[in-house]
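S.K.: What shape does this take:
(one chain, ligands or ions: 1)
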Amino acid sequence: MTHLVVQPGSLKKILNHVDPMELPTEVLMVEPTYFSVDYVINPHMEGNIGKVDKKLARQQWEFVRDTFVETGMNLNVIEAQSDLPDMVFSANQSLPFVSKRGNREVIMSIMNSEHRKGEVPYFEQWYRQKGFLVHHLDHRTIESFEGMGDAIWHPGKRLLWGGYGYRTSKSAYEQISSRFNIPVVILELNHPSFYHLDTCFCPLDEDTVMIYPDAFTENSLKMIREGFKNIIEADQNEAENLFCCNACCPDGKTVIIHPGADKVGDQMSKAGYKIVEADTGEFLKSGGSVFCMKLLHW
Ligand code: ARG
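M.R.: Down below sits the predicted model:
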């Protein structure tokens, strides 16, 4: 059964009835060895070709890695490939989940850009080695699907928030919801700087999300407001220049975030979250920060 949520009105009820899904315990990252900006596929990369400081990028990546480990996540690292400079953004190549029977499964992405298509098989190989059940979407009917860049689990629930408009086709969610029996709330993105859902939508726990409202259509915004009790709203500077909504809260308590987003930082501190700042300045040049530099799985 296809279960797409496209309108506000029913979401509270759906969230009350949907199955629980445990929080992930594993973090998957890709070595930044070959990370660079070699082409432009999002507005943040503009003017940054060849400008990555590799040594600094390595230090920043290691700090992010160590911070996830300190929050209690188990670390997994995939080796980088020299011809795939964006492979370091490990949120994008797949969407892992735990099935109702408790099996580890994964849906592989169909990358939007030719530059990134070659990344997916390396992830698939890794998942197979780890014993995941690997699924592919129908390439004939779906143009693109960029994994957890656009498809984000509601913390603790078997329900997806699915962004579309730039990197992921709406039809991907029809297929995901019907084949895997997962309700998907689809959110239309309408601001090119916020080309992935994870650039403007950051769930912290079951009740709380940080968003950049102007990245969404009215209808999508209404659904977000219905799905979360507490909404932390970022302003343009913190969202667009500091990528604050690309933070990550792996345990429902600790928010790992690029430094300087003090307005959202204060709101989160007041609400009881522990803020850990991790400088991702080199990765911002490519349009990514903490959330995109890792994938959480089980
Ligand atoms: N340069 C990469 C791209 O445009 C950055 C990806 C960042 N990932 C993310 N989940 N937002 O594809």
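
S.K.: where does the stretch 1-150 of the chain come near the ligand, residue by residue?
M.R.: 41-42, 45, 86, 89, 91-92, 116, 149 (C-beta under 6 Å from any ligand atom). In short, each C-beta sits where N, CA and C put it, glycine included.

S.K.: As a check, name the ranges of all strands in the stretch 1-150 of the chain.
M.R.: 4-5, 26-30, 74-78, 94-98, 104-108, 133-136 (DSSP state E, counting those that start in this stretch).

S.K.: Just checking: what are the partner strands of the first one?
M.R.: Applying DSSP bridges, strand 4-5 is found paired with strand 184-188 (parallel).

S.K.: Convert the C-alpha atoms of the strand it pairs with to PDB, please.
M.R.: Provided in PDB are the C-alpha atoms of strand 184-188 (Å, rounded to 0.1, in the frame of the first residue of the first chain):
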ATOM      1  CA  VAL A 184       6.500   9.000   3.900                       C
ATOM      2  CA  VAL A 185       5.700  12.700   4.500                       C
ATOM      3  CA  ILE A 186       6.800  14.400   1.300                       C
ATOM      4  CA  LEU A 187       8.200  17.900   1.600                       C
ATOM      5  CA  GLU A 188       8.700  20.200  -1.400                       C
END
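
S.K.: C-terminal to that strand, what's the next element?
M.R.: With elements assigned by DSSP states H and E, the helix or strand that comes after strand 184-188 is strand 201-205.

S.K.: tell me the pLDDT at the closest residue to Tyr195 other than its chain neighbours?
M.R.: Nearest non-adjacent residue to Tyr195, counting by C-beta to C-beta, 6 or more residues apart in numbering: Tyr166, 4.0 Å away. Note for Tyr166: predicted pLDDT of 98.

S.K.: Ok, Ala91 next?
M.R.: 98.

S.K.: again, but for Met1
M.R.: 61.

S.K.: From what I see, the residue nearest to Tyr195 and His196 are in contact.
M.R.: Yes - contact criterion C-beta atoms under 8 Å: Tyr166 and His196 qualify, at 7.2 Å.

S.K.: which neighbours do these two share?
M.R.: With contacts defined as C-beta atoms under 8 Å, 6 or more residues apart in numbering, the residues shared by Tyr166 and His196 are Leu189.

S.K.: if we can go back for a sec, could the strands of the stretch 1-150 of the chain go into CSV alongside mean pLDDT, mean neighbour count and distance to Phe291?
M.R.: Formatted as CSV, those follow (pLDDT from 0 to 100; neighbours: other C-beta atoms under 10 Å; distance: least, C-beta to C-beta, whole Å):
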stretch, mean pLDDT, mean neighbour count, distance to Phe291
strand 4-5, 96, 20, 23
strand 26-30, 98, 23, 11
strand 74-78, 98, 15, 16
strand 94-98, 98, 23, 14
strand 104-108, 98, 20, 18
strand 133-136, 98, 13, 23
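
S.K.: before we move on, the earlier item: where does the residue nearest to Tyr195 fall, helix, sheet strand or coil?
M.R.: Under the three-state scheme (DSSP: H, G, I helix; E, B strand; the rest coil), Tyr166 adopts coil.

S.K.: So it versus the ligand, what's the distance?
M.R.: 10 Å (C-beta to the nearest ligand atom, to the nearest Å).

S.K.: Just list the residues touching that residue, thanks.
M.R.: Tyr166 makes contact with 112, 189, 192, 195-196, according to C-beta under 8 Å, 6+ apart.

S.K.: Please spell out the PyMOL selection for the buried subset of those.
M.R.: To isolate the buried members of these in PyMOL, using 16 or more other C-beta atoms under 10 Å:
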select buried, resi 112+189+195+196
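
S.K.: Let me know the closest of the contacts of Tyr166 to the ligand.
M.R.: Of all the contacts of Tyr166, the ligand sits closest to His196, with 3.8 Å by C-beta to the nearest ligand atom.

S.K.: sec struct for the residue lying closest to Asp235 once chain neighbours are set aside, please.
M.R.: Nearest non-adjacent residue to Asp235, counting by C-beta to C-beta, 6+ apart: Lys263, 6.2 Å away. When classified by three-state DSSP, Lys263 comes out as helix.

S.K.: What of Ile275?
M.R.: strand.

S.K.: ok, it touching Gln267?
M.R.: No - taking C-beta under 8 Å as the definition, Ile275 is not a contact partner of Gln267, at 10.4 Å.
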